[in-house]
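> Could you look at this predicted model? Sequence included:
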Amino acid sequence: MGTQQKDPALAMNELTAGTMESARSTSEQLGLYVHVPFCSSTCDFCAFYQVKPDTRKMALYFDGLEDELALVSWDRPLSSVFWGGGTPGLLSPDQLRRLGGLVNRLPKVSERIEWSVEMAPASVTDARLAALQDVGVTRISLGVQSLRPDLLDNLGRQHTREQALRAYERVRNRGFPSVNIDLMFALPGQEEDVWIADLQEALALQPDHVSTYCLTFEEDTALWVKLSQGKVKLDPAHEARLYERTWTVLAEAGYLQYEVSNFARPGHACQHNLNTWTMQSWVGLGPSAASQFAGERGSNPADLALWRDQVAVGIRAREDHSVLTPGLLWEDALIFGLRMNAGVHLDTLRRRFGGTSDEAERAQTEIGRRLETLVADGLVERRADHVFLTPRGRLLADSVGREIMGALQDSPA
């Protein structure tokens, strides 16, 4: 079934048009991501770095954040903040205020910048929400995943349906400007009618933003083990059907798809993620957090003690470290930009990253050839200098990204 959405590449409308235009014309955006690694248990699908909290680990964490903050040469005010995990909501109200106090030391473009925090429904309490409001949080993202008890059990989630509904009500009652619900589809045992019923029940709550993720099987997770044992199976055709139905249901409910997995009402697109997808700058703090800042890209070790030891002696973001070059940024801006329904304007990328370097020219030439192949395959549409994914391309966005990746390395010197 095809989507009934307007052509997303032509009509980002009031949802993100202003943000996208700003992202095209400036590279001054600076996001802050803080990884809070604490979780009480590991969900079957989760591959993010996490540890069980205790007093010693909490002390290591906050001491490390203090040291890491001092290592960054902050050259511009923050335009967005995002706390992810792990489960940031496992911090106590006092710890949330302490973490917020660290962030509030930094200059911000406005006291009302978008400030997002991920929360698991079981961790939502009025006291924690009050603490988040006190420090300036404007957006709560609830990891609901499903409202079906059997599916939650299959995922190893630690909350119940009732807790998810109660958590949403508490967040709404506190008056946060934006509320997102995370949902997952193509779960084991989830037929099409079950997924649509789950989605529609979530929409009845009237969230401002909905993120829908197809279940993926990451190595070193419980689900990966089940897949390798044949206890669960992949079904790409089933996944595609659910995805396309998702487009239709959300569009009919007034949510514009602005990225492969993200849908929002006007004014509620996630600014922090847009900053990342348009290859702006961001600083990542905490174990495993990644940064793209001051001409370099890298990540912290996914190990609380090692990260703490490194920042104590002045080392941060040295894992997978690379120097940002015009060609690399050009390539990545295209890969991530194509994941957005608005697509990208090639002349904008040329102005931002092209320069006159031989490397950038080689990247542009090779990327041009690869785009021609993707257009011929029906995955990408091109109108003058504007390129964007077709509906089929959105189903295969990861494959499109892989096709473009490495253009610089593969181009002749």
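Nice, I can see it. Numbers count the residues shown, from 1 in each chain.
> Now the host helix or strand of Val179: buried residues?
Assigned by DSSP states H and E, Val179 falls within strand 178-185. Within strand 178-185, the residues that count as buried by 16 or more other C-beta atoms under 10 Å are 178-185. The way it works is simple: take the backbone N, C-alpha and C, and place the C-beta from them, glycine included.
> roughly how far apart are the closest residue to Ala120 other than its chain neighbours and Val124?
Distance criterion C-beta to C-beta, 6 or more residues apart in numbering; nearest residue to Ala120, sequence neighbours excluded, is Thr87 at 4.8 Å. Distance, Thr87 to Val124, by C-beta to C-beta, to the nearest Å: 11 Å.
> go on, Asp385?
When Asp385 is compared with Val124 (using C-beta to C-beta), they lie 45 Å apart.
> of the two, who's got more company?
Counting neighbours by other C-beta atoms under 10 Å for Asp385 and for Val124 shows that Val124 has the greater number, 22 against 12.
> what's the closest non-adjacent residue to the more buried one?
Ala167 (3.7 Å).
> Would you agree the one you found falls within a strand?
No. Checked against DSSP: H, G, I helix; E, B strand; the rest coil, Ala167 lies outside a strand; its state is helix.
> Kindly state the pLDDT recorded for it?
Looking at Ala167, its pLDDT reads 97.
> what stretches of the stretch 301-413 of the chain score poorly on pLDDT?
355-356, 408-413 (pLDDT under 70).
> returning to that earlier point: right, and the residue nearest to Val124 touches Leu142 too?
Yes. Taking C-beta atoms under 8 Å as the definition, Ala167 is a contact partner of Leu142 at 6.1 Å.
> In contact with the closest residue to Phe176 other than its chain neighbours, which residues?
The spatially closest residue to Phe176, leaving aside those adjacent along the chain, is Ile140, at 5.1 Å (C-beta to C-beta, 6+ apart). Counting by C-beta atoms under 8 Å, 6 or more residues apart in numbering, Ile140 makes contact with 116-117, 119, 129, 132, 171, 176, 178-180.
> nearest to Asn104, of the residues you listed?
Leu132 (12.4 Å; C-beta to C-beta).
> If you count neighbours, what's buried in the one helix or strand the closest one maps to?
Using DSSP H and E, Leu132 sits in helix 126-135. Within helix 126-135, the residues that count as buried by 16+ other C-beta under 10 Å are 128-129, 131-132, 135.
> What's the local residue count around Ala204?
Count around Ala204 with other C-beta under 10 Å applied: 9.
> anything in contact with each of Ala167 and Leu142?
The contact lists of Ala167 and Leu142 share 119, 121, 124, where a contact means C-beta under 8 Å, 6+ apart.
> Not counting the strand or helix carrying Phe82 itself, show me its contacts.
If you go by DSSP H and E, Phe82 is part of strand 80-85. Contacts with strand 80-85, where a contact means C-beta under 8 Å, 6+ apart, come from 29, 31-39, 48, 50, 99, 103, 108, 113-118, 271-273, 275.
> Which strands border that strand, and is each parallel or antiparallel?
The sheet places strand 80-85 alongside strand 30-36 (parallel), strand 114-119 (parallel), with pairing taken from DSSP bridges.
> what's in contact with the helix or strand following it?
Following strand 80-85 in sequence order, the next helix or strand is helix 93-103 (DSSP H and E). Residues from elsewhere that reach helix 93-103, judged by C-beta under 8 Å, 6+ apart: 32, 34, 36, 58, 62, 65-66, 69, 78, 81, 83, 88, 91, 115, 125, 127-128, 130-132, 134-137.
> For the longest helix seen in the chain, C-alpha coordinates in CSV please.
Identified as the longest helix of the chain according to DSSP state H is helix 358-376. The C-alpha coordinates for helix 358-376 follow below in CSV (Å, rounded to 0.1, in the frame of the first residue of the first chain):
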residue,chain,number,x,y,z
ASP,A,358,41.1,18.2,-5.1
GLU,A,359,39.6,15.8,-2.5
ALA,A,360,36.2,17.6,-2.5
GLU,A,361,36.1,17.7,-6.3
ARG,A,362,36.9,14.0,-6.5
ALA,A,363,34.1,13.3,-3.9
GLN,A,364,31.6,15.3,-5.9
THR,A,365,32.5,13.6,-9.1
GLU,A,366,32.2,10.1,-7.7
ILE,A,367,29.0,10.9,-5.7
GLY,A,368,27.5,12.2,-8.9
ARG,A,369,28.2,8.9,-10.6
ARG,A,370,26.6,7.0,-7.7
LEU,A,371,23.6,9.2,-7.7
GLU,A,372,23.0,8.4,-11.3
THR,A,373,23.0,4.7,-10.5
LEU,A,374,20.6,5.3,-7.6
VAL,A,375,18.3,7.3,-9.8
ALA,A,376,18.3,4.6,-12.5
